[in-house]
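Peer 1: Based on what follows, work out the 3D shape:
(chains A and B)
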Amino acid sequence: MKALVWHGKNDVRVERVPDPAILNPRDVIVRITTSAICGSDLHLLDGYIPTMQSGDILGHEFMGEVVEVGPGHHKFQRGDRVVVPFTIACGNCYFCKRELWSCCDNSNPNAGMAEKLYGYTTSGLFGYSHLTGGYAGGQAQYARVPYADVGPLKIPDGIPDEKVLFLSDILPTGYMAAENCDITRGDTIAIWGCGPVGQMAIKSAWLLGAERVIAIDAVPERLRMARDVNRAETINYEEEDVFDTLKTMTGGRGPDACIDAVGLEVTLAERASDMVLPPATEGEQFVLIRGLAALGQRDVGGVVERAQHAGDVAQRRRRFASFLER
Amino acid sequence: MRATTINLSDTERLASAFGGALLAAYGLSQRSKSGAMIAAAGGALIVRGATGFCPGYAAAGIDTRRSDTKTALAGSRGTPVETAVTIAKSHDELYRFWRNLENLPTFMPHLVSVKDLGAKRSHWVAKAPGGRTVEWDAEIINDDVNELIGWRTLEGSDVVSAGSVRFKPNGTGETIVHVHLQYEPPAGKVGATIAWLLGYDPSQTIGEDLRRFKALTETGEVPTTEGQSRGAA
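Peer 2: Modelled structure (predicted):
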């Protein structure tokens, strides 16, 4: 098959690789019909995530048709359409029993490595470094899905891929952010960042009953989408002071809840420049950014990674699925 | 240069860098002069963690590297190894699985086979360097049904060890599995073999075995990526 293969920083290539095979009884093989590129794939491309190896297949937001099932798999049949969540969950462990699927402590074959870095492991993830299991990802024509009776969601015929593909990660991620705001009627929600997660967070905030949604960014087309497609009020932070504008817009009170939907690299770079008390020279900032990037190989990357998975995205995906049924 | 300027253990370096990052983030969030001072202190801790060098410790003649558990356990000194895991299965199921000693190679990959010889005796074959194997006989010296299995190697074996595994219900339907091992590696070839068998850190190998035991008994399989498709390196 063809797959997108990581070879190093800023070096990914579409290559011919062997087709995946069933390796464990509960596996299925999916013929991928649609796959997305996640914002977090940029961290891999930019070399921020440790334990990537040349030859790793990327991709963790994918869906497709079940073409082969393992001898211990009794849920899906050949021909079933499924969306595959990026977290791999066993369904049997302490965490899975509490629906904390991203904390599954059975699915990561390299859990020992993750424990050394973070103290505890996350679940296995598709196409996201060997620290999270080294599982081959879904930016490929086929993928092996372990514990496939737990995570994947069956999609009825008649619903096109692009309406459900984002259930794999990006939509539940934004939805979870909105859910964490405990929105009640009349609430104003401010969202930093109008990338894909931010846009999903805007939609989710509306869905959960927000009265007003204010989106903040500086990229014109992202602001336009937030405004025109997702009906948010917008602030361009390059044109206006965000703090003052938010206060004015909310009658001096400020938003009821805020969502940070800004990417890792930007956040790190800003933290780095913040740490140098003004007036910092460009040289000083550079040293700190380099320092943080180096630490990203061990510490900061770990902190960010842990924070990203501390909550549970797949759990929200399930809850969100209930909206689809309405 | 590294060797002479690092005076912090890995653990302390991680803690220092992590704590420093937290302090710095907190300090910056205060938007005040005292916040700035906290942030600066956090920055110093990050540097301390990144370089592994603490000037204060250096002045006081302290070197925390010596107290690393990892360092203390290194080598094959027959140090007792203890590790525990909680498994979402009943203690009698887990006991039964383990008591059938021929099951052990399914989650202890360094074992080639275990053969039950009857009368509580068993014959073990394990992988050794250079594609060779090492073999020994063992006997079960304690067998409390559903609770504990204790064993030791028989006299004349290449490998000298004793150990026990305890299965204790935790009151919510799960079981705490506690393994205790004692090795007395002889010198020379066999000593080296055992060191290799156990890896650099004995507790880690046993820990990984227990992790696989948990996955296998909870999910019916041991997670793996061995044999999956990947691109050429």
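
Peer 1: what's the helix or strand hosting B:His178 packed up against?
Peer 2: Take DSSP states H and E as the rule and B:His178 turns out to sit in strand B:175-183. For strand B:175-183, the contact count by 3 or more CB pairs under 8 Å, 6 or more residues apart in numbering or on different chains; DSSP states H and E identifies strand B:81-87, helix B:91-99, strand B:161-169, helix B:202-219 as packing neighbours. No exception for glycine: its C-beta is placed from N, CA and C like everyone else's.

Peer 1: can you redo these as JSON lines with distance to B:Glu226 and mean pLDDT?
Peer 2: Output for the helices and strands packed on strand B:175-183, formatted as JSON lines (distance: least, CB to CB, whole Å; pLDDT from 0 to 100):
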{"stretch": "strand B:81-87", "distance to B:Glu226": "22", "mean pLDDT": "91"}
{"stretch": "helix B:91-99", "distance to B:Glu226": "23", "mean pLDDT": "97"}
{"stretch": "strand B:161-169", "distance to B:Glu226": "26", "mean pLDDT": "92"}
{"stretch": "helix B:202-219", "distance to B:Glu226": "13", "mean pLDDT": "89"}
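
Peer 1: quick revisit: can you mark which positions in the strand holding B:His178 are buried?
Peer 2: Using 16 or more other CB atoms under 10 Å in any protein chain shown as the burial criterion, the residues of strand B:175-183 that qualify are B:Thr175, B:Val177, B:His178, B:Val179, B:His180, B:Leu181, B:Tyr183.

Peer 1: Equivalent analysis for stretch A:148-167, please.
Peer 2: Residues of stretch A:148-167 classed as buried under the neighbour-count rule (16+ other CB under 10 Å) are A:Ala148, A:Asp149, A:Val150, A:Gly151, A:Pro152, A:Leu153, A:Ile155, A:Val164, A:Leu165, A:Phe166, A:Leu167.

Peer 1: residues in contact with that stretch?
Peer 2: A:26-28, A:30, A:33-36, A:61-63, A:66, A:69-70, A:73-76, A:80-85, A:87-91, A:96, A:101, A:145, A:200, A:314, A:317, A:320-321, A:324 (CB atoms under 8 Å, 6 or more residues apart in numbering or on different chains).

Peer 1: Drop anything exposed from those residues.
Peer 2: The neighbour-count criterion (16+ other CB under 10 Å) marks A:26-28, A:30, A:34-36, A:61-63, A:66, A:69-70, A:73, A:76, A:80-85, A:87-91, A:96, A:101, A:145, A:200, A:314, A:317, A:320 among these as buried.

Peer 1: Chain B next: which of those are close?
Peer 2: Intersecting the buried ones among the contacts of stretch A:148-167 with the surroundings of chain B, defined as CB under 8 Å from any CB of the partner chain, gives A:Arg26, A:Cys90, A:Gly91.

Peer 1: Touching, the last one and A:Pro146? I think so.
Peer 2: No. In terms of CB atoms under 8 Å, A:Gly91 does not count as a neighbour of A:Pro146; the distance is 11.1 Å.

Peer 1: Domain map for the chain?
Peer 2: The chain I'm using is chain A. Using automatic domain parsing, the domains assigned to chain A come out as A:2-168, A:171-263+A:301-325.

Peer 1: wait, I meant chain B there
Peer 2: B:2-67, B:72-219.

Peer 1: Give me the below-cutoff pLDDT ranges for the chain.
Peer 2: By default, I'm working from chain A. Under the criterion of pLDDT under 70, the regions of chain A flagged as low confidence span A:264-326.

Peer 1: should've been chain B
Peer 2: Along chain B, segments meeting pLDDT under 70 span B:1-31, B:33-35, B:37-79, B:157-159, B:183-204.

Peer 1: Leaving out sequence neighbours, find the closest residue to whichever residue of it sits closest to chain A.
Peer 2: Relative to chain A, the nearest point of chain B is B:Gly231 (3.3 Å; CB to the nearest CB). Beyond its immediate neighbours in the sequence, the residue positioned closest to B:Gly231 (CB to CB, 6 or more residues apart in numbering or on different chains) is A:Val5, lying 3.3 Å away.

Peer 1: Just to confirm, what's the three-state secondary structure of that neighbour?
Peer 2: strand (DSSP: H, G, I helix; E, B strand; the rest coil).

Peer 1: residues touching the residue of chain A found nearest chain B, list them.
Peer 2: Proximity to chain B, evaluated over chain A using CB to the nearest CB, is greatest for A:Val5 at 3.3 Å. A:Val5 is in contact with A:Val12, A:Arg13, A:Val14, A:Glu15, A:Val17, A:Gly55, A:Asp56, A:Ile57, A:Leu58, B:Arg230, B:Gly231, counting by CB under 8 Å, 6+ apart.

Peer 1: Quick check: what element follows the helix or strand encompassing the fourth one along the chain?
Peer 2: What that stands for is A:Glu15. Using DSSP H and E, A:Glu15 sits within strand A:11-16. Downstream of strand A:11-16, the first helix or strand assigned by DSSP H and E is strand A:28-36.

Peer 1: by contact count, what packs against that following strand?
Peer 2: Using 3+ CB pairs under 8 Å, 6+ apart as the contact criterion, the elements in contact with strand A:28-36 are strand A:61-69, strand A:81-84, strand A:142-145, helix A:161-164.

Peer 1: Next, format those as TSV and append distance to B:Gly163.
Peer 2: Conversion of these to TSV gives the following (distance: least, CB to CB, whole Å):
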stretch	distance to B:Gly163
strand A:61-69	40
strand A:81-84	41
strand A:142-145	36
helix A:161-164	51
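
Peer 1: Report the angle between the strand holding B:His178 and strand B:161-169.
Peer 2: For the pair strand B:175-183 and strand B:161-169, the angle between their directions (axes from the mean of the first three to the mean of the last three CA atoms, to 10 degrees) equals 170 degrees.

Peer 1: okay, the angle between strand B:175-183 and strand B:81-87?
Peer 2: Taking the same axes, to 10 degrees, strand B:175-183 and strand B:81-87 form an angle of 160 degrees between their directions.

Peer 1: Now do the buried residues in stretch A:249-260.
Peer 2: Of the residues in stretch A:249-260, those buried under the neighbour-count criterion (16+ other CB under 10 Å) are A:Met249, A:Pro255, A:Asp256, A:Ala257, A:Cys258, A:Ile259.

Peer 1: Now do the end-to-end distance for that stretch.
Peer 2: Using CA to CA, to the nearest Å, one end of stretch A:249-260 lies 19 Å from the other.

Peer 1: do stretch A:240-257 as well
Peer 2: Stretch A:240-257 has an end-to-end distance of 20 Å (criterion: CA to CA).

Peer 1: Return the distance of it from the chain's centre.
Peer 2: Stretch A:240-257 has its C-alpha centroid displaced from the chain centroid by 28 Å (CA atoms, centre = their mean, to the nearest Å).
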